[in-house]
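Chemist: Okay, here's the prediction I keep looking at, along with the sequence it came from:
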Amino acid sequence: MTPKILAFAGSLRKDSYNKKLIKIAIKGAEEAGGQVTYIDLKDYPLPIYDQDIEDATGLPENALKLKKLFEGHDGFLISAPEYNSSLSAAFKNVIDWVSRPARADEVYLCGFIDKVVTLMSASPGGLGGLRGLVHARSMFSNIYSIVLPRQKCIVQADQAFLPDGNLKDPKAQKEVQNLGKGLVEFFKRP
Ligand SMILES: Cc1cc2nc3c(=O)[nH]c(=O)nc-3n(C[C@H](O)[C@H](O)[C@H](O)COP(=O)(O)O)c2cc1C
């Protein structure tokens with residue numbers, strides 16, 4: 001089986017540290033034989049979730065596209081920035097839209113059930129986004145995803161990357177690559 005992995009950062013920012021970090025984990029996932037789809041959430045602009053919009057016009061086009069991507073992959077590789085000790089609004093908004101049913105006969109939360117999730121984060125701060133991952137882990141568990149125990153938080157992310165996008169610390173670089181590898185290998189267990 002070739003696991004299909006959807007990879008993204010929970011940041012819209014062009015020079016996002018989390019976008020750099022997820023690309024390192026993707027390398028590990030691809031080297032382990034995973035088929036990775038990388039998306040930039042900036043390419044899927046969405047209104048803040050509002051049930052009046054949903055009631056009036058259904059899910060926006062980009063929510064439907066994202067929902068299809070979530071449903072069509074086995075696992076999610078996510079690097080999530082920490083905003084005020086929690087998830088970024090951009091990331092949470094995507095989860096909220098994707099959680100909404102698009103068809104009358106669909107299974108509730110079908111984009112998340114039994115999906116395997118690996119989390120990581122990067123922040124210029126001293127905790128590296130760790131507190132946000134607590135919330136991300138809780139959220140995914142509550143919507144029936146399986147969140148793998150291993151994660152990595154890059155502290156002082158503003159000084160952590162080389163110009164080529166890799167991490168200056170080779171041990172951290174390997175750990176992040178291994179997150180991607182570990183996610184793919186989870187599907188290859190007997
Ligand atoms: C609204 C807001 C709240 C933030 N709150 C936190 C926080 O609680 N903890 C933290 O480590 N960094 C916090 N930051 C700093 C982010 O970690 C920093 O902007 C980081 O670069 C965001 O990730 P990105 O580089 O992937 O865009 C906050 C930034 C913003 C804009």
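Modeler: Yep, that arrived.
Chemist: For the rest of this, base every contact and every neighbour count on C-alpha atoms.
Modeler: Noted.
Chemist: Show me the helices in this structure, by range?
Modeler: Counting by DSSP state H, residue ranges of the helices within the chain are 17-31, 51-57, 61-71, 89-98, 130-142, 170-187.
Chemist: Which one of these lies nearest to the ligand?
Modeler: For the ligand, the closest of those is helix 17-31, at 3.8 Å, according to CA to the nearest ligand atom.
Chemist: Show me what the closest one is packed against.
Modeler: On a contact count with 3 or more CA pairs under 8 Å, 6 or more residues apart in numbering; DSSP states H and E, helix 17-31 meets strand 4-9, strand 35-38, strand 75-79, strand 116-122, helix 170-187.
Chemist: related to what we said a few turns ago, out of the helices of the chain, which is the most enclosed?
Modeler: Of all the helices of the chain, helix 17-31 has the most neighbours on average by mean count of other CA atoms under 10 Å, namely a mean of 23.
Chemist: near the ligand at all, that helix?
Modeler: Yes - counting by CA under 6 Å from any ligand atom, the ligand is contacted by helix 17-31 at 17, 18.
Chemist: Just the C-alphas of that helix, formatted as PDB.
Modeler: Extracted in PDB, the C-alpha atoms of helix 17-31 (Å, rounded to 0.1, in the frame of the first residue of the first chain):
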ATOM      1  CA  TYR A  17       8.500  28.900   9.400                       C
ATOM      2  CA  ASN A  18       5.800  26.200   9.600                       C
ATOM      3  CA  LYS A  19       5.700  26.000   5.800                       C
ATOM      4  CA  LYS A  20       9.500  25.500   5.900                       C
ATOM      5  CA  LEU A  21       9.200  22.800   8.600                       C
ATOM      6  CA  ILE A  22       6.500  20.800   6.800                       C
ATOM      7  CA  LYS A  23       8.600  20.600   3.700                       C
ATOM      8  CA  ILE A  24      11.400  18.800   5.700                       C
ATOM      9  CA  ALA A  25       8.800  16.300   7.100                       C
ATOM     10  CA  ILE A  26       7.500  15.800   3.500                       C
ATOM     11  CA  LYS A  27      11.000  14.700   2.400                       C
ATOM     12  CA  GLY A  28      11.000  12.000   5.100                       C
ATOM     13  CA  ALA A  29       7.500  10.900   4.100                       C
ATOM     14  CA  GLU A  30       8.400  10.700   0.400                       C
ATOM     15  CA  GLU A  31      11.700   8.800   1.100                       C
END
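Chemist: Fine by me, thanks again.
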